[in-house]
Each structure stands twice: as structure tokens, then as C-alpha cells.
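Enquirer: sequence first, then the predicted structure, then my questions.
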Amino acid sequence: MDAELLRLLLITFVAAVVADLSMVLGVAPFFFLKDLSKRAAATLSAVAAGMMAAASLVQLVGEGLRRTTGLQVWEVAAGIALGAVFYGGVARWVKVNETFDPFGLRATGGAAAVMIVAAMTAHSLPEGIAIGVAFGSGEAGFGIAVVSALAVHNVPEAIAITLALRAKGLSVWQCMGWALVTSVPQPLAAPFAAWLMWIFEPLLPFGLGFAAGAMLFLVVDDLLPDALEEIDPSRTAAAFTAGAVGMIVLGRLVGL
């Protein structure tokens with residue numbers, strides 16, 4: 001294997017593992033607190049939504065458009081559409097397959113616990129693809145920005161998982177284990193996506209659009225509705241905007 005390609009795959013894998021391990025930060029407070037404010041968790045979800053939206057539109061889509069000319073813009077647009085369809089299909093599969101029971105989780109926490117873990121695991125796949133595509137573009141700063149957004153997103157996600165599973169009777173250690181499991185698709189998918197972008201470089205604009213479409217669907221279908229369940233629209237909008245601004249500033253700091 002080409003040494004440069006091997007280096008790219010290793011860096012991508014390590015970055016995705018770091019994003020996965022950020023789940024620990026969301027679970028850790030539960031070792032010291034009996035409960036965590038749902039409003040605080042919802043606010044973090046809105047912040048993460050803003051960061052992911054900015055990463056999708058400003059960085060992923062922006063980079064894709066920069067690499068195309070004239071009518072080639074359809075490649076980015078098609079990628080966005082198919083990425084959204086892909087994520088929507090995965091989410092729907094999880095919802096209709098209620099008997100899905102990994103590692104006997106149903107016996108511990110019931111069907112609801114299975115659905116929580118399955119849903120969170122399913123939507124980690126496009127996140128891993130986003131990491132791989134970002135690093136596969138050949139710009140390390142781009143990859144760092146996307147990983148940073150997903151790492152921040154993983155914190156409220158881990159909080160949500162822990163709140164839900166604790167209510168089903170699981171221990172904090174069990175919650176931490178399942179939180180980490182739900183993000184395993186990130187380090188699994190990221191190197192593969194980076195390899196595809198390396199081998200089939202002409203697919204890069206499409207791949208960037210695909211990752212953006214999946215992330216945007218996640219923001220609108222999951223993160224924002226979760227935030228709006230606990231906090232009012234004004235606070236959600238403020239937190240979303242703060243996240244978007246933070247992501248844009250971070251992108252500038254790493255040279256995007």
C-alpha cells in the first residue's frame with residue numbers, strides 16, 4: 001500500500017476514534033450528578049446542530065463547489081440529495097425494525113433502550129463518512145474542523161443516551177459502554193470513505209455533497225426537534241447561531 005495513503009487512513013482512523021471517545025465527556029458528569037438538566041442538554045444539542053450545519057454548508061458544500069466549474073455543480077447537488085435520502089432511509093429502517101436487539105440490551109433496558117442505541121448507532125455512519133471525506137480531500141485543516149464539530153455533537157448525544165438508558169435501569173458504566181458503541185461506525189466508516197476519495201478523486205465533489213446532505217438531515221430530523229422539546233424556539237435559535245458562528249471561527253483558525 002502506498003505510504004502516503006496508509007498515513008491518510010491512519011490519521012483518519014485516529015481522528016474518528018477521538019470523535020468517538022468524546023462520548024465519554026457526555027457520560028462522565030453522571031458519575032457525580034444524579035441528574036443533568038434537560039434544558040442544558042437540549043441547549044448543547046442546538047449548539048451542535050449549528051456547528052454541523054455550518055460544517056455542512058460552509059465547509060463540505062463550499063469545498064465541493066470550489067472543486068467544480070460550470071454545470072459540474074450538479075455533482076455536489078446530487079450528493080446532498082442522496083446523502084439526505086441515505087440517512088433518512090437508515091433512520092426509517094431503525095424505526096420499523098423494533099425487534100432489533102444487540103447484545104441482549106432488550107433484556108436489560110427493554111425495547112426502548114434498544115431503539116435508543118440502534119438509532120444513535122445508525123446515524124453515526126454518515127458522520128464517519130463525513131470525517132473520511134473531509135480528510136480524503138487532502139486538507140488536514142478541513143478534517144480537523146469536521147471532527148471538532150462531530151466531537152462537540154457527541155457530547156450532548158452521550159448525555160441524551162445516558163439520560164434515556166439510566167431511566168431504563170442501566171448503570172452509568174453500562175451507559176458509557178453503550179454510548180461508545182453507538183459511535184463505533186465513525187472510526188469504521190471514516191477510513192473507507194477517505195480511501196474512496198483517494199482512489200476516485202473525481203468523486204470528491206459528490207462525496208462532499210453526500211456527507212453534507214446526511215449531516216443536514218441529521219440536524220433537521222434529530223438535533224433541532226430534540227432541542228425544541230425542552231427549550232423555546234428563541235433559545236434554540238440563539239444556541240444554533242452560536243454553534244454556527246463557533247464552527248466558522250474554528251474553520252478560519254485551522255486555515256479553511
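Expert: Thanks, I have it. Residues are numbered from 1 along each chain as shown.

Enquirer: contacts, neighbours, all on C-alpha from now
Expert: Noted.

Enquirer: what helix or strand does the residue most central in space within the chain sit in?
Expert: Note on the chain: the residue nearest the mean C-alpha position is Glu127, at 3.9 Å, using Cα atoms, centre = their mean. Using DSSP states H and E, Glu127 falls within helix 124-136.

Enquirer: packing partners for that helix?
Expert: helix 3-21, helix 140-167, helix 185-199, helix 204-218 (3 or more Cα pairs under 8 Å, 6 or more residues apart in numbering; DSSP states H and E).

Enquirer: identify the residues contacting Phe240.
Expert: Ala46, Val47, Ala48, Ala49, Gly50, Met51 (Cα atoms under 8 Å, 6 or more residues apart in numbering).

Enquirer: residues in contact with Ala149?
Expert: Ala48, Met51, Met52, Ala55, Met247.

Enquirer: and which of those is nearest to Pro225?
Expert: Closest approach to Pro225 among these (Cα to Cα): Ala48, at 12.7 Å.

Enquirer: my read: the closest one touches Ser148, true?
Expert: No: applying Cα atoms under 8 Å, one finds Ala48 not in contact with Ser148, separated by 10.2 Å.

Enquirer: these two: which has the busier surroundings?
Expert: Taking neighbours as other Cα atoms under 10 Å, Ala48 and Ser148 compare with Ala48 leading, 31 against 22.

Enquirer: and Ala134, what pLDDT?
Expert: Predicted confidence (pLDDT) for Ala134: 82.

Enquirer: for it, which non-adjacent residue is closest in space?
Expert: Of all residues not flanking Ala134 in the chain, Gly143 sits nearest, at 4.6 Å (Cα to Cα, 6 or more residues apart in numbering).

Enquirer: Ser148 against Val18, yeah?
Expert: No: Ser148 is beyond contact range of Val18, at 9.4 Å (criterion: Cα under 8 Å).

Enquirer: what's the neighbour count on the closest residue to Ile231 other than its chain neighbours?
Expert: Distances taken as Cα to Cα, 6+ apart put Arg39 closest to Ile231, at 6.1 Å, once the chain neighbours are dropped. Look at Arg39: counted by other Cα under 10 Å, it has 16 neighbours.

Enquirer: next: Glu229.
Expert: Neighbour count for Glu229, taken as other Cα under 10 Å: 13.

Enquirer: do Thr69 as well
Expert: 9.

Enquirer: go ahead and confirm Arg194 touches Val133.
Expert: Let me fix one detail, which is that residue 194 is Ala and not Arg. Yes: Ala194 is within contact range of Val133, at 5.3 Å (criterion: Cα under 8 Å).

Enquirer: more neighbours, the two?
Expert: Between Ala194 and Val133, counted using other Cα under 10 Å, Val133 has the larger neighbour count: 34 against 29.

Enquirer: can you pull out the low-pLDDT segments for the stretch 51-200 of the chain?
Expert: Where the stretch 51-200 of the chain drops to pLDDT under 70, the residues are 70-71, 94-123, 153, 156-157, 160-161, 163-169, 200.

Enquirer: I figured Ser45 was touching Leu228, is that so?
Expert: No: in this structure, Ser45 is not within contact of Leu228 by Cα under 8 Å, at 9.6 Å.

Enquirer: between those two, which one's more packed in?
Expert: Just comparing Ser45 and Leu228: by other Cα under 10 Å the higher neighbour count belongs to Ser45, 32 against 19.

Enquirer: run a quick neighbour tally on the residue nearest to Ala134.
Expert: Neighbour count for Gly143, taken as other Cα under 10 Å: 26.

Enquirer: related to what we said a few turns ago, which two of the contacts of Ala149 have the greatest separation?
Expert: Farthest-apart pair in the contacts of Ala149 is Ala48 and Ala55; separation 10.4 Å (Cα to Cα).

Enquirer: before we move on, back to that, nearest residue to the residue nearest to the centre of the chain in space, please, no chain neighbours.
Expert: Gln186 (6.1 Å).
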